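A.B. asks: Here you go, sequence then predicted model.
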Amino acid sequence: MTQSGRIRWVLLLALIAGALSAAAFWAWREYQRFTLATLQGSDEVIEFKRGESLPTFVAKLKDRGVSAAPEWQWRLLAQQMQVAQKLQAGEYRIGSNATPRSLLQAVADGKVVQYRFTILEGTRFRDLRVALASVPELESTLTGLPDNDVLTRIGATEAHPEGLFLPDTYFFPRGFSDLDLLKRAYWEQKELLERLWQKRQENLPLSDPYEALILASVIEKETGKAAERPLIAGVFVNRLRQGWRLQTDPTVIYGLGDAFDGNLKRVHLETDTPYNTYTRFGLPPTPIALPSPAAIEAALQPQATEAMYFVAKGDGSHQFSRTLEEHNRAVREYQL
């Protein structure tokens, strides 16, 4: 090879090396921009399915307009972060300031989208089941399952489901089952009830925590005024101590079931059922609804009072009376 040929060859190699260096520099600069870039599609939810590969997930991001970055940049970032083998299945929300790095970290940490379901105080179990069935993010496993089988599957020892679940807002990922949510609510209610039972007033006419739950459910349905709960409880405790009937309408309504049309009549008060506290002494056999923690606390910490009666005033509150004579006057004033 002539000297001029060798020079041309050296220059060609130099050009190639320069081009490669420039390409490498450009690729590294683009990669750096990629790692710091804000992803598009704020509030977009992307699912990383179980068994899915990172390239498939990256393709989803591209299809949804979240990131147009090439696959190699995501692969390199995942390797640098040491999360390539730690990605967890689930739904992930693209935050307003999300970057590729923060998204990969969220998927590696399993910070999946959380949905919410609120169990309302005062709800009956049959209505709770209907509400659970209407939540599309929950896996439905209760359909057609008898109540006693539901209790068995959540590990409950009680024979009746009413009142056993803590009214609260519960958060869960998509695919969480309705049964698992009930199990969580059951054990949280059980723990709360036991804790409050240990702090109860002395000499209450209640033999165990379940009786406290029954009384709390009646208190819950009797008043819409939170401040009245301890006083309502005080009246019920007085009547139980004196061996009087509770004579409370919500228990009668519960006992009527589907036969109740919204209009409570005298014949209903005189029709005996296990829940009719006008015809039977003591507490009803089970709770009649889901009591709030405040209602449970009221049942176990009733307000000291001489009142033996109360009557609804029509505004959600009640008039309390010590004697039957006072009570009859209140009935004439507020209900006749």
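C.D. replies: Good, I have the coordinates.
A.B. asks: In contact with residue 92, which residues?
C.D. replies: When contacts are counted by C-beta atoms under 8 Å, 6 or more residues apart in numbering, residue 92 touches 45-48, 103, 106-107, 111-113. Yep, even glycine has a C-beta here, placed from its N, CA and C like the rest.
A.B. asks: tell me the mean pLDDT over the helix or strand it falls within?
C.D. replies: For residue 92, the element it lies in under DSSP states H and E is strand 90-93. Across strand 90-93, pLDDT averages out at 93.
A.B. asks: Following the chain past it, name the next helix or strand.
C.D. replies: For strand 90-93, the following helix or strand on the C-terminal side (DSSP H and E) is helix 100-109.
A.B. asks: mind checking how far the helix or strand following that next one is from the chain centre?
C.D. replies: Using DSSP H and E, the helix or strand that directly follows helix 100-109 along the chain is strand 115-118. Taking C-alpha atoms, centre = their mean, to the nearest Å, one finds strand 115-118 lying 5 Å from the centre of the chain it belongs to.
A.B. asks: mind listing what strand 115-118 pairs with, with the direction of each?
C.D. replies: Within its sheet, and counting by DSSP bridges, strand 115-118 is paired with strand 169-172 (antiparallel).
A.B. asks: Mind jotting down where the helices sit in the protein?
C.D. replies: Listed in chain order, the helices of the chain (DSSP state H) span 3-36, 54-63, 71-81, 100-109, 125-133, 147-154, 178-198, 209-222, 229-242, 249-256, 266-270, 293-300, 324-334.
A.B. asks: And the residue nearest the centre of the chain, how far from residue 119?
C.D. replies: Within the chain, the residue whose C-alpha comes closest to the C-alpha centroid is residue 170; the distance, by C-alpha atoms, centre = their mean, is 1.8 Å. Computed as C-beta to C-beta, to the nearest Å, the residue 170 to residue 119 distance reads 7 Å.
A.B. asks: what sits in contact with each of those two?
C.D. replies: What both residue 170 and residue 119 touch, as defined by C-beta under 8 Å, 6+ apart, is the set residue 185.
A.B. asks: returning to what we had before: count of residues packed around the nearest residue to the residue nearest to the centre of the chain once chain neighbours are set aside?
C.D. replies: Sequence neighbours aside, residue 117 is the residue nearest to residue 170 in space, at 5.3 Å (criterion: C-beta to C-beta, 6 or more residues apart in numbering). Here the number of neighbours of residue 117 (other C-beta atoms under 10 Å) works out to 19.
A.B. asks: Can you give the domain ranges for the protein?
C.D. replies: Following the assignment in automatic domain parsing, the chain carries domains at 53-113, 115-194, 201-334.
A.B. asks: With distance to residue 39 as added columns, please give those in CSV.
C.D. replies: Shown next, in CSV, are these (distance: least, C-beta to C-beta, whole Å):
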stretch, distance to residue 39
domain 53-113, 5
domain 115-194, 21
domain 201-334, 41
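A.B. asks: if we compare these, which one ends up closest to residue 30?
C.D. replies: Taking C-beta to C-beta as the measure, these were each checked against residue 30, and domain 53-113 came out nearest at 7.5 Å.
A.B. asks: Understood, closing this out.
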